[in-house]
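K.L.:
Can you look at this prediction? I've put the sequence above it.
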Amino acid sequence: MGPTGPTGRAPAPGAAGEPGCGPAEAAAASRRWGAAGISVWLDGLSRQRLASGRLAALARQGRIAGVVSDPAFLARSPAGGPYYTGQLGDLAERGVPAERALKALAVHDIRWACDILRPVHEATAGVDGLVCVTLDPRLAHDAGATLAEARMLWRAVDRRNAMLGIPATAAGLTALSACLAEGINVSATLVLSAACHRQAWDAYAEGLERARAAGRPLASLASVAAFPVSRIDTAVDALLDREGTLEARAMRGAVAVAAARHVHEQYERMLGEPRWHALAARGARPQRLLWTATTVPEPGASGLLPTRYAAPLLTRGTVTAVTEETLDELSELDELGELSELDELEAAGEAPPGPGTYATARRLLGHLQWFGIDHGELASRLETEALKELNDAWHQLLDRVTPALDKGPAAGDGTGGTA
């Protein structure tokens, strides 16, 4: 039984007994990965992980420097186990509808996680210690509704180290710029190609320029562009399997990391652009790349190591989001995949052959046309599929919360967490 007790009542964020992590421990945590300019965030936020003290322990031990989550993960958490029953009982007693109840659960967990990671946020001067949660995906094609939702959630959470995930659709990027102009930390999610990354970067720059015009300090704003790595290979491998040739089989499991390297190469080029130099001179920080979906689907069956995606993308100036299982695997590795340094060696003619260089990544991506695969069309299809999955997950969340609310106060003891 976790610290919530038999009734499922959750302690308020920052309540007595909360493990947390002190400033000295947070500084040690940031040094572990920060010495190489690398951030590792945990993929998945749940009440169980909060109430059991596991998230605080991971932060205190220096194993993570942030958290990222979305409806697909959360769909497996509410109404499961004792951790939400107390708060759901309170919400039911007050007659709160499912939509509002779901947001109340999310706000409680985000605030709690932000409080746990606040020392990391302070120790890194706002670079890390962030808690990123995706907004309602049903709003992905409505800029106005996305901005309104972001404002509401930002005010409700009321934590400087919160970050709101917005899908990188045309409407989403319009909302992203507007959020930054108002001082809201944002993540551009579902960045599936270099072209989409360029658009996300431009939207970030526009948001910073608007924030500066409004008199906001740029150094206080944080943003990432989330690239879901394994989604690429899952889709490409299926297309390659249809070819059935030796050449196609040789490409399996290699395209996603190559695509990530290609995006990272573009990122480094954009850091040298005059527009960015002007913003950086005024205190702005880069919109870091966040590698998500780094878990290998069925690693045993595919023959790929569990760290196949996470390990080669641990790179200076980027963030890698991993599950706790992948985190354990990474802790056993001794080397970091420094993309920039590899490319510098390649330019000098000293790089060893292999998939680690930018030029190798470009060549591999160029081979996709041999099999009739257009990366731009593939990215567009994957965005549509991913949004559908997130929408389905959101409806699953509502479906799981609704029965608990329908039970009325009996769902808890009426003394659950704050709503």
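P.N.:
Sure thing, it's come through. A quick note: this is a predicted structure, and the numbers were derived from the prediction, not measured. Residues are numbered from 1 along each chain as shown.
K.L.:
For residue 294, see how far away the one residue sitting closest to the centre of the chain is.
P.N.:
Nearest to the mean C-alpha position of the chain, by C-alpha atoms, centre = their mean, lies residue 68 at 4.0 Å. Counting by C-beta to C-beta, to the nearest Å, the gap from residue 68 to residue 294 is 11 Å. All C-beta atoms are positioned from the backbone trio N, CA, C, and that covers glycine.
K.L.:
Between the two, which contacts overlap?
P.N.:
Counting by C-beta atoms under 8 Å, 6 or more residues apart in numbering, the common neighbours of residue 68 and residue 294 are 43, 321.
K.L.:
returning to that earlier point: enumerate the beta-bridge partners assigned to the residue nearest to the centre of the chain.
P.N.:
residue 43, residue 132 (DSSP bridges).
K.L.:
so who does it touch?
P.N.:
41, 42, 43, 45, 132, 133, 165, 187, 226, 290, 292, 321.
K.L.:
Number of residues surrounding the third one?
P.N.:
The reference is to residue 43. As a burial measure, residue 43 scores 23 neighbours (other C-beta atoms under 10 Å).
K.L.:
Could you do residue 391 as well?
P.N.:
Neighbouring residues of residue 391 were enumerated by other C-beta under 10 Å; the total is 15.
K.L.:
Wait, it touches residue 138, no?
P.N.:
Yes: assessed by C-beta atoms under 8 Å, residue 391 is found in contact with residue 138 at 5.7 Å.
K.L.:
Against residue 289, how distant is residue 62?
P.N.:
Here the distance between residue 62 and residue 289 works out to 22 Å (C-beta to C-beta).
K.L.:
These two: who's more crowded?
P.N.:
residue 289 (24 against 20).
K.L.:
which stretches of this structure have low pLDDT?
P.N.:
Across the chain, the ranges flagged by pLDDT under 70 are 1-34, 72-81, 298-304, 332-356, 408-419.
K.L.:
which helix in it runs the most residues?
P.N.:
For the chain, the longest helix by residue count, based on DSSP state H, is helix 375-406.
K.L.:
Just the buried residues of it, please?
P.N.:
Under the neighbour-count criterion of 16 or more other C-beta atoms under 10 Å, helix 375-406 has 375, 378-379, 382-383, 386-387, 390, 393-394, 396-398, 400-401, 404-405 buried.
K.L.:
Can you spell out which helices and strands pack onto that helix?
P.N.:
Contact analysis of helix 375-406 by 3 or more C-beta pairs under 8 Å, 6 or more residues apart in numbering; DSSP states H and E lists helix 71-74, helix 85-93, helix 98-123, strand 162-167, helix 194-213, helix 229-243 as its packing neighbours.
K.L.:
how about the ones you listed in JSON lines, adding distance to residue 272 and mean neighbour count?
P.N.:
As requested, the helices and strands packed on helix 375-406 are exported to JSON lines (distance: least, C-beta to C-beta, whole Å; neighbours: other C-beta atoms under 10 Å):
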{"stretch": "helix 71-74", "distance to residue 272": "36", "mean neighbour count": "21"}
{"stretch": "helix 85-93", "distance to residue 272": "49", "mean neighbour count": "24"}
{"stretch": "helix 98-123", "distance to residue 272": "28", "mean neighbour count": "23"}
{"stretch": "strand 162-167", "distance to residue 272": "26", "mean neighbour count": "26"}
{"stretch": "helix 194-213", "distance to residue 272": "13", "mean neighbour count": "21"}
{"stretch": "helix 229-243", "distance to residue 272": "25", "mean neighbour count": "19"}
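K.L.:
who wins for proximity to residue 258 among those?
P.N.:
With C-beta to C-beta as the measure, helix 229-243 is the member of these nearest residue 258 (8.8 Å).
K.L.:
Quick check: next helix or strand after that closest one?
P.N.:
helix 246-251 (DSSP states H and E).
K.L.:
Following the chain past that next one, name the next helix or strand.
P.N.:
By DSSP H and E, the next helix or strand past helix 246-251 is helix 255-270.
K.L.:
Quick one: distance of that next one to the chain centre.
P.N.:
Chain-centre distance of helix 255-270: 18 Å, with C-alpha atoms, centre = their mean, to the nearest Å.
K.L.:
from now on call the first residue 32
P.N.:
Shifting the count to begin at 32 puts that one at helix 286-301.
K.L.:
what about the strands in the stretch 332-450 of the chain?
P.N.:
With DSSP state E, counting those that start in this stretch applied, the stretch 332-450 of the chain shows strands at 350-353, listed in chain order.
K.L.:
Now do the same contact list for residue 360.
P.N.:
For residue 360, the contacting residues are 336, 337, 338, 341, by C-beta under 8 Å, 6+ apart.
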